[in-house]
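In: got a sequence here, can you build the structure:
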Amino acid sequence: MRHLKSGRKLNRTSSHKRALMRNLATALITHKRIATTEAKAKELRPYIEKIITRAKRALVREQQNKLPQGQTIDIHARRTVATDIFGKGAVQELFDVIAPKVSERPGGYCRIIKTGVRRGDAARTAIIQLVDWFDVQDGATSTKRKRKPAAKKTEAKPAVKAAAPVVEDAPVVEETPVVETAPIVEETPVAEETIAEV
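Out: Below is the predicted model of the structure:
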């Protein structure tokens with residue numbers, strides 16, 4: 001029993017779940033929008049919002065020069081965030097692009113949009129995205145698969161093939177049957193060997 005265990009298990013071991021969260025967070029920082037299952041998106045939202053808040057506070061400390069002497073960037077905050085996401089490029093993107101853009105927002109940096117169920121396993125899917133990069137679409141969005149209209153069938157006219165040239169007045173050659181006679185071989189009876197019973 002999982003008494004007082006917060007969060008979703010997601011049918012993974014703790015190390016696998018941590019790696020999954022790091023991968024999802026890195027993808028969200030890099031692409032600003034990812035499609036995943038609803039449970040993973042709900043688990044990712046508080047994880048990524050804590051990371052963005054940490055980057056935003058580091059940005060404030062950098063702007064107010066509240067850093068140790070000789071530092072221009074908050075190295076400790078970057079190293080702490082680097083343990084929660086993969087890749088130096090994602091850390092740099094978070095601190096240099098995302099944090100300045102969300103600096104005025106008091107929280108709620110992510111939005112989850114439910115997109116229906118997946119065909120193969122009926123899992124509920126969702127899109128999680130950063131709020132300041134995408135606008136909300138007005139009206140309900142359809143989750144049905146859109147099909148292309150069928151191509152109109154045109155009646156194909158039968159193509160007239162060029163007729164093979166007809167050969168007239170061709171000489172007819174009659175073949176005469178050839179009868180082969182094989183030499184007759186007489187068979188002589190061979191004595192059978194008897195097998196002794198012991």
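In: where does this protein have low pLDDT?
Out: Counting by pLDDT under 70, the chain has low-confidence residues at 137-145, 156-168, 170-172, 182-183, 185, 187-198.
In: quick one: buried residues of the longest helix anywhere in the chain?
Out: In the chain, assigned by DSSP state H, the helix with the most residues is helix 38-63. By 16 or more other CB atoms under 10 Å, the buried positions in helix 38-63 come out as 38, 40-41, 43-45, 47-48, 51-52, 54-56, 58-59, 62. Backbone N, C-alpha and C define where each C-beta goes, glycine included.
In: which stretches in the chain count as helices?
Out: Ranges of helices in the chain, per DSSP H, are 14-31, 38-63, 75-82, 88-93, 99-101.
In: pull the fourth one out as CSV, backbone CA atoms only.
Out: It refers to helix 88-93. Extracted in CSV, the C-alpha atoms of helix 88-93 (Å, rounded to 0.1, in the frame of the first residue of the first chain):
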residue,chain,number,x,y,z
LYS,A,88,23.8,22.5,-21.1
GLY,A,89,21.8,23.9,-24.0
ALA,A,90,18.5,23.4,-22.2
VAL,A,91,19.9,25.1,-19.0
GLN,A,92,21.1,28.0,-21.1
GLU,A,93,17.8,28.3,-22.9
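In: compare the helices of the chain and give me the one nearest Leu130.
Out: helix 14-31 (7.0 Å; CB to CB).
In: which residues does that closest one contact?
Out: Outside helix 14-31, the residues that touch it by CB atoms under 8 Å, 6 or more residues apart in numbering are 9-10, 12, 34, 36, 40, 43-44, 47-48, 51, 84-87, 89-90, 93-94, 98, 110, 128-130.
In: may I see the buried residues of it?
Out: Buried, per 16+ other CB under 10 Å, within helix 14-31: Lys17, Leu20, Met21, Arg22, Leu24, Ala25, Thr26, Ala27, Leu28, Ile29.
In: and those, which two are the farthest apart?
Out: Lys17 and Ile29 (18.7 Å).
In: returning to that earlier point: return the closest of the buried residues of helix 14-31 with respect to Ser103.
Out: Ile29 (16.0 Å).
In: ok, and the closest non-adjacent residue to that closest one?
Out: Nearest residue to Ile29 in three dimensions, chain neighbours excluded: Ala90, at 4.8 Å (CB to CB, 6 or more residues apart in numbering).
In: how many neighbours does the one you found have?
Out: For Ala90, the neighbour count with other CB atoms under 10 Å is 20.
In: now do the same contact list for Lys50.
Out: Counting by CB under 8 Å, 6+ apart, there are no residues that Lys50 touches.
In: so Val102 is in contact with Tyr109, correct?
Out: Yes: shown here, Val102 and Tyr109 form a contact pair, counting by CB atoms under 8 Å, at 5.4 Å.
In: show me what contacts the closest residue to Val136 other than its chain neighbours?
Out: Closest residue in space to Val136, ignoring its immediate chain neighbours: Arg111 at 7.5 Å, by CB to CB, 6+ apart. Neighbour list for Arg111: Ile128, Gln129, Leu130, Val131, Phe134, Val136 [criterion: CB under 8 Å, 6+ apart].
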